[in-house]
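> When you get a sec, could you give me coordinates for this:
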Amino acid sequence: MFLNGLTEITLPLKNPVLQFSLILFIILFVPFFLKRLRIPSLISLIIAGAVAGPHGLNLMLRDSSIILFGTVGLLYIMFLAGLEIDVADFKKNSGKSILFGLYTFLISQLLGFFVALYVLGFSLLSSVLIGSIFASHTLIVYPVVSRLGIAKDKAVNIAVGGTMITDTLALLVLAVVAGSSSGELTGAFWIRLLIGITIFSLIVLLLFPFIARWFFKRFDDSVLQYLFVLGMVFFAAFLAEVAGVEAIIGAFLGGLSLNRLIPHTSALMNRIRFAGDAIFIPFFLIGVGMLIDFRAFFKDAETIKVALVITIAATVAKYFSAWITQKIYGFSLDQRRLIFGLISAHAAVALATVLIGYNSITGYTLDGDPVRLLDKSVLNGTILFILVTCTLASIVGEKGAQNIAFAELADEASSPDVHAAPERILIPMNDVKTVDELVNLGITIKSPKNRDGLFALHVADSTNPGGAVEKHAEKLLEKAVITAASTDNDLTGVFRYDTSV
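Below is the predicted model:
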């Protein structure tokens, strides 16, 4: 039977168990080995997807399961961006984020339009659509920012806030061009879009926090809380689509609406980050890699020309936006690198735009061939464009993020209280029902850098010693250790008898 099972294994793999196992091994081993070649983990997964995908070794197809998990991963990135952003700084810098988003969009949109119209020779509508590909970007570097603990940096705040502006405007351009090419661009279209966006924003930003606060007060089970958050975020993404905008905008606003209700050092936040970093985000990166067809780049010279032109022009536009931001707000070189890394990667929105343009048929030739809004050379060129921009963004953005994180560590090491006594938090406990709340309170008030300064103390009556008392203490302290471990913190349990009575 074993040999029969082996003979049934053909490429691409059809067995879902074997497929999932292969993907997990890719997520586990590929970044580890390619890191030795100084290839960022984000790019290593994209490369792995290209090699294992239908255009490489054909180990797997980009089927519905890959698309599903990839969509979840993209929405997860936007959700984390909204969840981890410092709301106080976001409000304080909202004007700067809006300004940043507006001029970043305009620079990229205009440059993309003129390059497509005068250099590549595309039509007016096609050039506008290529401009929207330039203007949009994907926060593919954000997981690195989150992992290094610099999500509260001012440059990150402005770039993440501006992303919502640029992507919303780029997707609006996409909707306008698609509607214009199909003849649906009427006054009713604009009224429906405005009403839809208004209702969607009010529901997510006002109603979602109210519902979440009610749920968290009544349900303290960690699994239920995680599933609730996940459900709310994807429902927000669905509402965004109903309103006429892209789902990533809904995911970002969903994270923003839950921001104040999920402490950054809580067990729930730890589970959210863990699931994204371990499964969902890697699936998205592998799925992007599976789109890459290296053979197409050598079959058509027009594809190479389009890819080179749009890659160079879009990179120049994003670099110019990052440079302007550095000069206006007095940012450092590393902050400029970080901003460029965050805004220069093009993935999901660019792919969605080019696919819609490719599927939009504006007429037919005399031979009966369809005339598409964006032809096949743009489709294949955009895939190469995605690979190059994601690679460049990862390398530059990760360098800037690491330097900022190292600088923060150096500042902490040189601070006056560096030789002060280490932070220690003592958590007294007696009731099993309150252990989780007490430990989570201790984790919330401690320093983020303090991983082993938590101590759980249970004091028992020395006049009534015995096995039952010690078993109760063991149960309390074991639960406390497990609760702390779920947030990647070490907790030491201490049991004492009260000898004063």
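> The residue nearest to the spatial centre of the chain is in what secondary structure piece?
Nearest to the mean C-alpha position of the chain, counting by Cα atoms, centre = their mean, stands I77 at 1.4 Å. Take DSSP states H and E as the rule and I77 turns out to sit in helix 64-84.
> Any buried residues in that helix, and which?
Across helix 64-84, burial judged by 16 or more other Cβ atoms under 10 Å covers 65-66, 69-84. For the C-beta atoms, the positions are set from N, CA and C on the backbone; glycine is no exception.
> With stretch 339-348 instead?
Result for stretch 339-348 [16+ other Cβ under 10 Å]: buried residues I339, F340, G341, L342, I343, S344, A345, H346, A347, A348.
> Using TSV, please lay out those residues together with distance to F189.
Listed next are these as TSV, based on distance: Cβ to Cβ, whole Å:
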residue	distance to F189
I339	34
F340	35
G341	36
L342	32
I343	29
S344	32
A345	31
H346	27
A347	28
A348	24
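> domain assignment for the protein?
The chain breaks down into these domains under the TED database: 19-414, 425-498.
> Can you say which of those is nearest to L13?
With respect to L13, and counting by Cβ to Cβ, the nearest of the domains of the chain is domain 19-414 at 5.0 Å.
> Return the mean pLDDT over the top helix by length along the chain, rounded to an integer.
Secondary structure assigned by DSSP state H gives helix 376-413 as the longest helix of the chain. The average pLDDT within helix 376-413 is 82.
> Summarise which helices and strands the helix or strand that that helix is followed by is packed against.
Counting by DSSP H and E, the next helix or strand C-terminal to helix 376-413 is strand 425-428. Applying 3 or more Cβ pairs under 8 Å, 6 or more residues apart in numbering; DSSP states H and E, we find strand 425-428 packed against helix 435-445, strand 454-461.
> Let's have those in a markdown table, adding mean neighbour count, distance to A52 and mean pLDDT.
Listed next are the helices and strands packed on strand 425-428 as a markdown table, based on neighbours: other Cβ atoms under 10 Å; distance: least, Cβ to Cβ, whole Å; pLDDT from 0 to 100:
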| stretch | mean neighbour count | distance to A52 | mean pLDDT |
| --- | --- | --- | --- |
| helix 435-445 | 18 | 39 | 81 |
| strand 454-461 | 18 | 42 | 82 |
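> need the ones you listed in a markdown table with distance to G287, can you?
Compiled in a markdown table, the helices and strands packed on strand 425-428 are given as follows (distance: least, Cβ to Cβ, whole Å):
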| stretch | distance to G287 |
| --- | --- |
| helix 435-445 | 34 |
| strand 454-461 | 39 |
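> Between these, which one is closest to A317.
helix 435-445 (42.0 Å).
> residues in contact with the nearest residue to L61 once chain neighbours are set aside?
Using Cβ to Cβ, 6 or more residues apart in numbering and skipping the chain neighbours, the partner closest in space to L61 is P12 (4.9 Å). Contact analysis of P12 by Cβ atoms under 8 Å, 6 or more residues apart in numbering lists P54, N58, L59, M60, L61.
> Read off the pLDDT value for W323.
94.
> Pretty sure G162 sits against Y103.
No. Counting by Cβ atoms under 8 Å, G162 stays clear of Y103, with 9.1 Å between them.
> thinking again about what came up before, same for the helix holding I77, what does it pack against?
Where contact means 3+ Cβ pairs under 8 Å, 6+ apart, helix 64-84 is packed against helix 142-148, helix 222-243, helix 247-257, helix 267-275, helix 281-289.
> okay, the angle between that helix and helix 281-289?
Interaxial angle of helix 64-84 relative to helix 281-289 (axes from the mean of the first three to the mean of the last three Cα atoms, to 10 degrees): 130 degrees.
> tell me the average confidence for the very next helix or strand once past helix 64-84?
The C-terminal neighbour of helix 64-84 among helices and strands, as given by DSSP H and E, is helix 87-92. Mean pLDDT, helix 87-92: 72.
> Stretch 135-151 now?
Rounded mean pLDDT across stretch 135-151 is 82.
> Measure how far it is from the centre of its chain, please.
7 Å (Cα atoms, centre = their mean, to the nearest Å).
> T362 looks like it's in a strand, true?
Yes. Under DSSP: H, G, I helix; E, B strand; the rest coil, T362 falls within a strand.
> Report how many residues lie close to it.
13 (other Cβ atoms under 10 Å).
> On the three-state scheme, the nearest residue to it once chain neighbours are set aside is what?
Once flanking residues are discounted, T362 sits nearest to V371: 5.3 Å by Cβ to Cβ, 6+ apart. For V371, the assignment made with three-state DSSP gives strand.
> wait, V371 sits on I361?
Yes. V371 lies in contact with I361 (Cβ under 8 Å); the separation is 6.6 Å.
> I386 versus I130, what's the distance?
The spacing between I130 and I386, counted by Cβ to Cβ, to the nearest Å, is 14 Å.
> Those two - which one has more neighbours?
Neighbours were counted for I130 and for I386 using other Cβ under 10 Å; I130 has more, 31 against 27.
> Need the per-residue pLDDT for that one.
Reported pLDDT for I130: 88.
> which ones are touching the closest residue to it other than its chain neighbours?
The spatially closest residue to I130, leaving aside those adjacent along the chain, is A116, at 4.0 Å (Cβ to Cβ, 6+ apart). Residues in contact with A116 (Cβ under 8 Å, 6+ apart) are F122, S126, S127, I130, G131, I310.
> Neighbour count for G162 and Y103, which is higher?
Taking other Cβ under 10 Å, G162 and Y103 do not tie; G162 has more neighbours (27 against 18).
> Check which helices and strands the helix or strand hosting the more buried one sits against.
Element membership for G162, per DSSP H and E: helix 154-182. Using 3+ Cβ pairs under 8 Å, 6+ apart, the elements in contact with helix 154-182 are helix 87-92, helix 94-114, helix 124-135, helix 187-202, helix 247-257, helix 301-329, helix 333-344, helix 348-359.
> Can I get those helices in CSV including distance to S447?
Converted to CSV, the helices and strands packed on helix 154-182 look like this (distance: least, Cβ to Cβ, whole Å):
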stretch, distance to S447
helix 87-92, 19
helix 94-114, 28
helix 124-135, 40
helix 187-202, 36
helix 247-257, 24
helix 301-329, 28
helix 333-344, 24
helix 348-359, 36
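> nearest to L438, of those?
Comparing the helices and strands packed on helix 154-182 by Cβ to Cβ, helix 87-92 comes nearest, at 26.1 Å.
> List the contacts of that closest one.
S97, K152, K154, N157, G161, L256, N259, R260.
> If you count neighbours, what's buried in stretch 473-493?
473, 476-477, 479-481, 483-484, 486-487, 489, 491, 493.
> and it, what's its mean pLDDT?
Mean pLDDT, stretch 473-493: 79.
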